[in-house]
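Q: Just a sequence and a predicted model for now, questions to come.
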Amino acid sequence: MIIKDKPIKFIQWLMLAAEKFILSKFSKIIFIDQPKVNQDVATLLLMNHFSFNDGPMMHYLCRKVLKKEFKVMVLEEQMLLFKPLKYIGCFSVNKKSRTLVESLDYAASLLSEPKNMLGIFPQGGVFSSHLEKIHFEQGLDRILKKNKHEIQVVFAVMLLDFLADFKPKAYIYFMEYVGEQNPEEMEVAYNQFYTICKQKQKALYNPPAHVLH
């Protein structure tokens, strides 16, 4: 059986304190091109994954930008290590277990509720932030096929810069995806967006033009 989310208000309140503490490790959090959120349909959020901080950051942008119920697919081993995760909206997935299909079908069912944000790290794990491309693991295809409701798909890319600060600045770039809802096209579109974000990030703070190519 999968570990399903069982939100408890008190635990969610404690998570806000934990979120504030964890995100205090950033000198600033900057949202770029915030999407116009459709509150009449559920939101599917896809975001790159390169650190422990990504989960709290996704929780933060869910509250501040999307303003929806936090629902996130998390690796089973992480759920077992930190059991309170299920009380804030997380549910488990185990890619090596027969429960994988159950997790994917449960994720699809969450998209039937307009109040929900389903957050997925499509890479299926933590990878270096220096990668030039973001790969999509299998599973998203089943979620999209099982879902029978209109949804809003939002891409998010988080990039960091330290510059002269002890703490990094976090830049969160957003894009609403309006193309075909199949993993192959979404992966291509996400990587096009990811490349644009990295180019914009490189151009910040006016570096010499010849180093941008």
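A: On my side now, so go ahead.
Q: would you say N38 is within a helix?
A: No - using DSSP: H, G, I helix; E, B strand; the rest coil, the assignment for N38 is coil, not a helix.
Q: what ranges do the strands span in this protein?
A: For the chain, the strands defined by DSSP state E occupy 28-32, 42-47, 69-75, 90-93, 116-120, 151-161, 169-177.
Q: Now do the buried residues in stretch 195-209.
A: For stretch 195-209, the neighbour count (16 or more other CB atoms under 10 Å) marks C197, Q201 as buried. The way it works is simple: take the backbone N, C-alpha and C, and place the C-beta from them, glycine included.
Q: Any chance you could list what contacts that stretch?
A: Contacts to stretch 195-209, defined as CB atoms under 8 Å, 6 or more residues apart in numbering, come from residues I32, E132, V157, L159, D161, L163, Y171, Y173, L212.
Q: hmm, 10 Å instead?
A: The contact list for stretch 195-209, computed with CB atoms under 10 Å, 6 or more residues apart in numbering, reads 32-33, 48, 132-134, 155-161, 163-164, 169, 171-175, 211-213.
Q: now the end-to-end length of it.
A: Terminal residues of stretch 195-209 are spaced 18 Å apart (CA to CA, to the nearest Å).
Q: and it, what's its mean pLDDT?
A: The pLDDT scores in stretch 195-209 average 91.
Q: ok now that stretch, how far from the chain's centre?
A: Offset of stretch 195-209 from its chain centre (CA atoms, centre = their mean, to the nearest Å): 23 Å.
Q: Could you do stretch 38-53 as well?
A: Taking CA atoms, centre = their mean, one finds stretch 38-53 lying 4 Å from the centre of the chain it belongs to.
Q: quick one: buried residues of that stretch?
A: For stretch 38-53, burial by neighbour count (16+ other CB under 10 Å) applies to V41, A42, T43, L44, L45, L46, M47, N48, H49, F50, N53.
Q: Extract the C-alpha trace of that stretch and format it as PDB.
A: Coordinates of each C-alpha in stretch 38-53 appear next as PDB, following Å, rounded to 0.1, in the frame of the first residue of the first chain:
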ATOM      1  CA  ASN A  38      -7.000  29.200 -12.700                       C
ATOM      2  CA  GLN A  39      -8.800  28.400  -9.400                       C
ATOM      3  CA  ASP A  40     -11.500  26.500 -11.300                       C
ATOM      4  CA  VAL A  41      -9.200  23.600 -12.200                       C
ATOM      5  CA  ALA A  42      -6.400  21.700 -10.400                       C
ATOM      6  CA  THR A  43      -2.800  22.800 -11.000                       C
ATOM      7  CA  LEU A  44      -0.100  20.400 -12.100                       C
ATOM      8  CA  LEU A  45       3.300  21.900 -11.100                       C
ATOM      9  CA  LEU A  46       6.500  20.500 -12.600                       C
ATOM     10  CA  MET A  47       9.800  21.700 -11.100                       C
ATOM     11  CA  ASN A  48      13.500  20.800 -11.300                       C
ATOM     12  CA  HIS A  49      15.000  19.100  -8.300                       C
ATOM     13  CA  PHE A  50      18.600  19.600  -7.100                       C
ATOM     14  CA  SER A  51      18.500  20.000  -3.300                       C
ATOM     15  CA  PHE A  52      16.600  19.200   0.000                       C
ATOM     16  CA  ASN A  53      15.400  22.800  -0.100                       C
END
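Q: Fine, thanks again, bye for now.
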